[in-house]
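> sequence and predicted model, in that order:
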Amino acid sequence: MGIAVEVQHVGKRYGRKLALEDVCFRVPAGASLGLVGPNGAGKSTLLRTLLGLVPPTNGTIRYDRHPLWPDPERAMARVGGFVDMPCFYPYLTAQENLLLLADLTGTPRKRTEEVMDYVHLRSYADERVGGFSHGMRQRLGIAVALMKNPSLLVLDEPYDGLDPARLEDMRRLIEAIRRDTGATLVLSSHVMQDIERLCDFIAVFEAGRLRYFGSPTLLGAGAVEEVLWEIWPVDPALEYLTQMGIPARVLGPGRVSAAWTGDWDLSEVNRFLVRRGLALTTVVRRQASLETRLVRYLEDSHVDVR
Ligand code: ADP
C-alpha cells in the first residue's frame, strides 16, 4: 500500500508562538487518521498546513510523494476539505455557491448535482445558504470537499455542534464516503467514540508536539480496565472514592470512573457508597474507553516520548 500523506519534521511558528514542533508521521493510502488533543495543541494548525492554507515554518509535507510546497495548487489537485467552518456566500443559493466554485476550479458543472445528491442537500439546492442550519452548512462543506473527487479528505471537527440526529447523519455520511471513494481521511474531533469508530490511526497532540501516533486500540493499552459508576450525586461520590485512595474522575453527569488496579475490593467500595446514601444505579468493569486512556496517557507522558 502506498503512502498518501507524509509529514516530515513539520514545525509552524506564529511570531514567537511555536504552534507545531518537529511533527513526523505517514498515513497509508485509504487509511483514516484522527487528530486529537487538548485545545491549542496544534491540530487546526496542522490541518491548515495540510490544506495548503499556511506554509509550515520547517519540514515537508508530501502527497503521493509530491511535495505540497512550494506549489500547493498542484499537489492539492485531489485533496479536499475544510478547517473551521466552511465559508459560503450567504446571499447565494447552495447550488449557486457550488456552481461558482465549479467554474473557478474548472470542475464540470454537473458534478455539483452529484455532490448535492450525495450529501442529501438536493432538495435545498435553490435555498440561500444564509438560511442554512449548522448541520446543513457542514454537509455543504463536505459537498465542496467532494467536488474534485478527492483521494485525500481533510476535515476539521466535522461532528462539532451537531444535534444527535444530525450527528448520526454526519457519521453515516463520512463512513459512506470512505466506503464509496476509498479516500484517505484526516480529521480532528473531540468525540473519542467517533475517532474509535472511524479511525485506523490516531495522532495525539499536546502543546504542538506529536505525543503518540498509532492504532487507537494500542494507546495506553497497559491500562486495560476501568470501573464505571452511575451514581448520584457525583461530587460526594468523587470525594469518598478519593478518600479511599481511588483515583476517580467525573466523566459526565452521574458518571464517575477510575482505573481498575485490582488492589481494592469493588463490592466493599460499592457498599460504602450506598451506605453513605448515594444513589448507585450501575457499576461496570470494562475495557477503558479511548477517552479515559487518552487522558491517562497525557497525564503519564509528560516526558519526551520521541
Ligand atoms: P487546536 O486546533 O489543537 O486547538 P491550534 O492549531 O488552533 O490548536 O493552535 C495551536 C497554537 O497556535 C495555540 O497556542 C494558538 O493560540 C496558536 N495559534 C493558532 N493560530 C494562530 C495564529 N494565526 N496566530 C498566532 N497564534 C496562533
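Structure received.

> grab the nearest non-local neighbour of G220.
Nearest residue to G220 in three dimensions, chain neighbours excluded: R293, at 3.7 Å (C-beta to C-beta, 6 or more residues apart in numbering). No exception for glycine: its C-beta is placed from N, CA and C like everyone else's.

> report the buried residues of the helix or strand harbouring that neighbour.
R293 is part of helix 290-300, with elements assigned from DSSP states H and E. Neighbour counts over helix 290-300 (16 or more other C-beta atoms under 10 Å) mark L290, E291, T292, R293, L294, V295, R296, Y297, L298 as buried.

> over to stretch 55-72?
Using 16+ other C-beta under 10 Å as the test for burial, stretch 55-72 gives P56, G59, I61, R62, Y63, L68, P72.

> same deal with stretch 269-287?
Judged by neighbour count (16+ other C-beta under 10 Å), stretch 269-287 contains these buried residues: V269, N270, L273, L278.

> tabulate the residues you listed in JSON lines, adding columns for pLDDT.
Output for these, formatted as JSON lines (pLDDT from 0 to 100):
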{"residue": "V269", "pLDDT": "94"}
{"residue": "N270", "pLDDT": "95"}
{"residue": "L273", "pLDDT": "95"}
{"residue": "L278", "pLDDT": "95"}
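
> still on that earlier bit, can you dump the C-alpha coordinates of the helix holding R293 into PDB?
What follows is helix 290-300, C-alpha atoms only, in PDB (Å, rounded to 0.1, in the frame of the first residue of the first chain):
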ATOM      1  CA  LEU A 290     -10.300   5.700  24.400                       C
ATOM      2  CA  GLU A 291     -11.200   8.900  26.200                       C
ATOM      3  CA  THR A 292     -10.000   7.500  29.500                       C
ATOM      4  CA  ARG A 293      -6.900   6.000  28.100                       C
ATOM      5  CA  LEU A 294      -6.100   9.300  26.300                       C
ATOM      6  CA  VAL A 295      -6.400  11.400  29.500                       C
ATOM      7  CA  ARG A 296      -4.200   8.900  31.400                       C
ATOM      8  CA  TYR A 297      -1.700   8.800  28.600                       C
ATOM      9  CA  LEU A 298      -1.300  12.600  28.500                       C
ATOM     10  CA  GLU A 299      -1.100  12.700  32.300                       C
ATOM     11  CA  ASP A 300       1.600  10.000  32.300                       C
END
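
> and it, what does it pack onto?
Counting by 3 or more C-beta pairs under 8 Å, 6 or more residues apart in numbering; DSSP states H and E, the packing neighbours recorded for helix 290-300 are helix 192-198, strand 201-206, strand 209-214, strand 248-252, strand 255-259.

> which of the ones you listed sits most buried?
Neighbour counts (mean count of other C-beta atoms under 10 Å) averaged over each of the helices and strands packed on helix 290-300 peak at strand 201-206, with a mean of 23.

> follow-up on the earlier one: can the helix holding R293 be found next to the ligand?
No: on the criterion C-beta under 6 Å from any ligand atom, helix 290-300 is out of touch with the ligand, staying 12.9 Å away.

> circling back to that earlier point, what's the closest of the buried residues of stretch 269-287 to G252?
Nearest to G252 among those is L278, at 16.5 Å by C-beta to C-beta.

> many thanks, have a good one.
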